[in-house]
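**Q** make a model of this:
(chains A and B)
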Amino acid sequence: MSASTSPRIVVRSLAIGLGFGILLVKSEAVSWFRIQEMFRFQGFHMYGLLGSAVAVGMVSLFALERLGVHGAGGGVMALDRKPTGGWNRHYWMGGVVFGVGWGLLGACPGPIYALIGTGASVFIVALLSALLGAWTYAALRPRLPHF
Amino acid sequence: MLDLLRQPWPWYVAGPLIGLVVPVLLLFAGKSFGVSTSFRDLCAAATPGRFDYLDYDWRTGSWRLAFVAGIILGGLIAATALAAPDPVVAISEATRADLADLGIDDRTGLFPSDLIGWGALVTLPGVLTLIGGGFLVGFGARWADGCTSGHAITGLIGRQLPSLLAVLGFFGGGIISTFLILPALLGGGG
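**A** Reported below is the predicted structural model:
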């Protein structure tokens, strides 16, 4: 099997990403101000957004499973599962590092891409910096705690 | 109708639609929703085989690179055809007051351009928020094996313990930035 994905799946992914990008901007989830409001616990907007997204995702997946619907490529409708073990240190330690970055930049990975699309060219610098961060993780990975 | 779509979308409209991205992506592309793995794919494409973590065929992530290209295009459409008439985000009064205490008075746009902008890159707070924040977002998302999309949405939908731990970490880190780092960088009273 070839490692590359079929053109049909690539085109569909692009279309779904486009919808998600519109949602990120129109919901203001890309806004540094909304992220500050969230981390200060001074508004319901971001909690309503994330909470309703999780609830709708849960219910719709449950319904599709019950109906026996199969996904593209005939696969079962199963989300990737993360391995667990030990203290699961990388999830919460990495999570804290990510959160510090999110609190400063006011944008997580999806919004970084969406903001570049809105014409906020300075977020290209943020993206390059995030790529350097991911690359640095790759370099340090053998020395970092995981489980 | 278009006038209505140009307004900011309330959470109870946008949130459920964001939730539907997860089953739609599974149904039509057979893929699990997540954005930050694209950082890994891009690093693997740039420096193939340099580290074990990047030693794989990045083309397995080609659908994800198309997905994030779509996010960029979506941002473009949202900022042009669907641009909001009022450029100020309607955050709570309490947050406005707290930000004013930090010297952030100009709330035009999606982010404070005095802090996050080309001009601010000659200042220490500007460098630490944009470049430092971006670096930690990329590093942390890969160490935690997911970001807001992969953990706070997909992982919580799947009721996975790792994602709950990661989301608690996100908030712990965000609180450190908000209540310790930003005040130290920007100073009280502006």
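**Q** the domain parsing of chain B - what is it?
**A** B:1-83, B:88-190 (automatic domain parsing).
**Q** Serialize those domains to a markdown table and add fields for distance to A:Gly71.
**A** Every residue, glycine included, has its C-beta placed from N, CA and C. Output for the domains of chain B, formatted as a markdown table (distance: least, C-beta to C-beta, whole Å):
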| stretch | distance to A:Gly71 |
| --- | --- |
| domain B:1-83 | 4 |
| domain B:88-190 | 14 |
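**Q** how about those, which one is nearest A:Ser52?
**A** Proximity to A:Ser52, assessed across the domains of chain B by C-beta to C-beta, is greatest for domain B:1-83 (3.2 Å).
**Q** not counting sequence-adjacent ones, nearest residue to the spatially most central residue of chain B?
**A** Residue closest to the mean C-alpha point of chain B, counted by C-alpha atoms, centre = their mean, is B:Thr148 at 7.4 Å. Residue nearest to B:Thr148 in three dimensions, not counting chain neighbours: A:Cys108, with 4.3 Å by C-beta to C-beta, 6 or more residues apart in numbering or on different chains.
**Q** count residues in the vicinity of that neighbour, would you?
**A** Neighbour count of A:Cys108, defined by other C-beta atoms under 10 Å in any protein chain shown: 26.
**Q** now do the helices in the chain.
**A** Went with chain A since none was named. For chain A, the helices defined by DSSP state H occupy A:7-26, A:32-39, A:45-66, A:89-105, A:109-117, A:123-140.
**Q** please refer instead to chain B.
**A** Using DSSP H, helices in chain B cover B:2-6, B:11-29, B:37-46, B:62-79, B:93-101, B:124-127, B:133-143, B:156-157, B:161-176, B:182-186.
**Q** most packed of the ones you listed?
**A** Most buried of the helices of chain B, by mean neighbour count (mean count of other C-beta atoms under 10 Å in any protein chain shown): helix B:133-143, with a mean of 29.
**Q** please export the C-alpha coordinates of that one as CSV.
**A** The C-alpha coordinates for helix B:133-143 follow below in CSV (Å, rounded to 0.1, in the frame of the first residue of the first chain):
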residue,chain,number,x,y,z
GLY,B,133,4.5,31.3,22.7
GLY,B,134,4.7,29.8,19.2
PHE,B,135,7.7,27.6,20.1
LEU,B,136,6.0,26.3,23.3
VAL,B,137,2.8,25.6,21.4
GLY,B,138,4.7,23.4,18.9
PHE,B,139,6.9,21.8,21.5
GLY,B,140,4.1,21.1,24.0
ALA,B,141,1.6,19.9,21.4
ARG,B,142,4.1,17.2,20.2
TRP,B,143,5.2,16.2,23.7
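**Q** list the helices and strands that helix packs on?
**A** Applying 3 or more C-beta pairs under 8 Å, 6 or more residues apart in numbering or on different chains; DSSP states H and E, one finds that helix B:133-143 contacts helix A:89-105, helix A:109-117, helix A:123-140, helix B:37-46.
**Q** wait, what's in contact with residue 82?
**A** You didn't say which chain, so I picked chain A. For A:Lys82, the contact set (C-beta atoms under 8 Å, 6 or more residues apart in numbering or on different chains) comprises A:91, B:145-146, B:155, B:160, B:162-163.
**Q** actually chain B
**A** B:Leu82 touches A:22, A:25-26, B:5-6, counting by C-beta under 8 Å, 6+ apart.
**Q** per-residue confidence at the residue nearest to B:Thr148?
**A** pLDDT, A:Cys108: 97.
**Q** for B:Gly188, same thing?
**A** Looking at B:Gly188, its pLDDT reads 58.
**Q** A:Gly73 too?
**A** Predicted confidence (pLDDT) for A:Gly73: 62.
**Q** can you list the low-confidence ranges for chain A?
**A** By pLDDT under 70, the low-scoring segments of chain A are A:1-4, A:73-77.
**Q** need the residues that contact stretch B:56-73.
**A** Looking at what lies outside stretch B:56-73 - C-beta under 8 Å, 6+ apart - the contacts are A:3-5, A:9-11, A:13-21, A:24, A:110, A:113-114, A:116-117, B:25, B:29, B:31, B:34-35, B:37-38, B:40-42, B:44-45, B:48.
**Q** out of the contacts of A:Lys82, grab the one that's most surrounded.
**A** If you count neighbours using other C-beta under 10 Å, the busiest of the contacts of A:Lys82 is B:Gly146, which has 32 neighbours.
**Q** distance of it relative to chain A?
**A** 7 Å (C-beta to the nearest C-beta, to the nearest Å).
**Q** by mean pLDDT, which helix or strand of chain B comes out lowest?
**A** Least confident helix or strand of chain B, by mean pLDDT, DSSP states H and E, is helix B:2-6 with a mean of 92.
**Q** picking that back up, export the helices and strands packed on helix B:133-143 to TSV and tack on distance to A:Phe44?
**A** Formatted as TSV, the helices and strands packed on helix B:133-143 follow (distance: least, C-beta to C-beta, whole Å):
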stretch	distance to A:Phe44
helix A:89-105	19
helix A:109-117	19
helix A:123-140	26
helix B:37-46	30
